[in-house]
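Colleague: got a sequence here, can you build the structure:
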Amino acid sequence: MKIFASGLIALIAFVAILGCNSLSSNKNKGDHSVRVVCLSKHLTEMIFALGKGSLIVGRDLTSNYPDSTATITSVGYHRALNPEGIISLRPTIVLHSNDIGPDQVIPQIEKAGLTVKVFPQSNTLDSARIVLKMLAEYFGVPQKADSILHQMDLDLAKQQLLRKNCVDSPTVMVIQYGQASNRFFILSGRKGAADKMIEAAGGRIATYNGMGSRDLSAEAIAKANPDIILATDVGFEKLGGAEAFSQLPGVAVTNAYKNKKIFKVMEHDLVYFGPRTSQNILQIMHLLHPDLHE
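Modeller: Purely as a prediction, here's the structure:
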């Protein structure tokens, strides 16, 4: 699908810059001695999918899939990390995707003698496939990646076939609660992963013009008037459900509220591409098209 291919050339170039030596030279034969701190949520999910989740001793706040990550020590929000917390876990490797902060964190943990590895983002399905294969090579389980990618292809084919049966195209808005900022904001409409998934599920992005601001604007939301609102789980549960969610600025006058189409979705299902993305799109598709039958 074209929407999943954008940025692939740049990603391949980035992988080439990284070089293969650092990955292929890692044998990781003694898993018992490997201690990973993972600071990027998509990397965390992929490591678990590859069967190496038990090696992770520390994670960033947003690395919360699968559920077993709850038992792993959190070192804080990935853009506001404390280097001392990372160092205290005595990791043999720190993994991230160049989306962490503040700027001095990496220099400080490298100065402490920790090894740091950078893997690409997974903002498209194609990039997710590449990152998964890179991680599999790094952890010495390339066959596991092949199995996961085969299942991803099957799920994608099913999702694309079902997409042809969608006869309507409702407008969709995603409202997210920022765990670091403690505020609600509009996630959709910025050409990110959520937009691509919604479009793949047979929806259209509700036009939102908040004068460049991500914060909720009652007037802008009312004007966008989405048919469906997808509320990420943390904010939805914080407020206590769809009825309470309608008290956010502008939400109560939307078609989504009037037609009882405010749905909770898991945040980690919308903000990056990974092994479960095609399955997640299928779930979104059924929310957008409740009469659709597989």
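Colleague: can you give me the pLDDT of the residue lying closest to residue 293 once chain neighbours are set aside?
Modeller: The shortest distance from residue 293 to any non-neighbouring residue, by C-beta to C-beta, 6 or more residues apart in numbering, is to residue 165 (8.0 Å). (C-beta placed from N, C-alpha, C; glycine too.) At residue 165, the model reports a pLDDT of 91.
Colleague: residue 165 reaches residue 292, doesn't it?
Modeller: Yes - between residue 165 and residue 292 there is a contact under C-beta atoms under 8 Å: 6.0 Å.
Colleague: who has more neighbours, the two?
Modeller: For residue 165 versus residue 292, the count of surrounding residues by other C-beta atoms under 10 Å is larger for residue 292: 17 against 13.
Colleague: which ones are touching the more buried one?
Modeller: Listed by C-beta atoms under 8 Å, 6 or more residues apart in numbering, the contact set of residue 292 reads 162, 165, 166, 285, 286.
Colleague: before we move on, which element is the first one in?
Modeller: Translated: residue 162. Assigned by DSSP states H and E, residue 162 belongs to helix 142-163.
Colleague: what is the least confident helix or strand in the protein?
Modeller: Ranked by mean pLDDT, DSSP states H and E, the helix or strand of the chain with the weakest confidence is helix 21-24, at a mean of 41.
Colleague: which among the contacts of residue 292 end up buried?
Modeller: Buried subset of those (neighbour count, 16 or more other C-beta atoms under 10 Å): 162, 166, 285.
Colleague: low-confidence ranges in the stretch 151-294 of the chain?
Modeller: Low-confidence segments of the stretch 151-294 of the chain, defined by pLDDT under 70, span residues 210-214, 294.
Colleague: can you map out the helices along it?
Modeller: In the stretch 151-294 of the chain, helices defined by DSSP state H, counting those that start in this stretch lie at 193-200, 218-224, 233-239, 242-245, 255-258, 277-288, listed in chain order.
Colleague: packing partners for the longest one?
Modeller: Secondary structure elements in contact with helix 277-288, counted by 3 or more C-beta pairs under 8 Å, 6 or more residues apart in numbering; DSSP states H and E, are helix 125-138, helix 142-163, helix 193-200, strand 228-232, strand 262-265.
Colleague: how far away from the center of its chain is the third one?
Modeller: Taking C-alpha atoms, centre = their mean, to the nearest Å, one finds the center of helix 193-200 at 12 Å from the center of the full chain.
Colleague: restrict it to CA atoms and write it as PDB.
Modeller: Written as PDB, here are the backbone C-alpha positions of helix 193-200 (Å, rounded to 0.1, in the frame of the first residue of the first chain):
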ATOM      1  CA  ALA A 193       0.800   6.700  12.100                       C
ATOM      2  CA  ALA A 194      -2.800   7.300  13.300                       C
ATOM      3  CA  ASP A 195      -3.800   9.000  10.100                       C
ATOM      4  CA  LYS A 196      -2.400   6.300   8.000                       C
ATOM      5  CA  MET A 197      -4.100   3.600  10.000                       C
ATOM      6  CA  ILE A 198      -7.500   5.400   9.900                       C
ATOM      7  CA  GLU A 199      -7.300   5.800   6.100                       C
ATOM      8  CA  ALA A 200      -6.300   2.200   5.700                       C
END
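Colleague: could you chop the protein up by domain?
Modeller: What automatic domain parsing lists as the domains of the chain is 2-140, 165-288.
Colleague: dump those into JSON lines; add distance to residue 151 as well.
Modeller: JSON lines is the format used below for these (distance: least, C-beta to C-beta, whole Å):
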{"stretch": "domain 2-140", "distance to residue 151": "10"}
{"stretch": "domain 165-288", "distance to residue 151": "8"}
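Colleague: picking that back up, switch the buried ones among the contacts of residue 292 over to JSON lines; also include distance to residue 231.
Modeller: Converted to JSON lines, the buried ones among the contacts of residue 292 look like this (distance: C-beta to C-beta, whole Å):
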{"residue": "162", "distance to residue 231": "24"}
{"residue": "166", "distance to residue 231": "22"}
{"residue": "285", "distance to residue 231": "18"}
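Colleague: which among those gets closest to residue 63?
Modeller: Of all those, the one sitting nearest residue 63 is residue 285; the distance, using C-beta to C-beta, is 26.2 Å.
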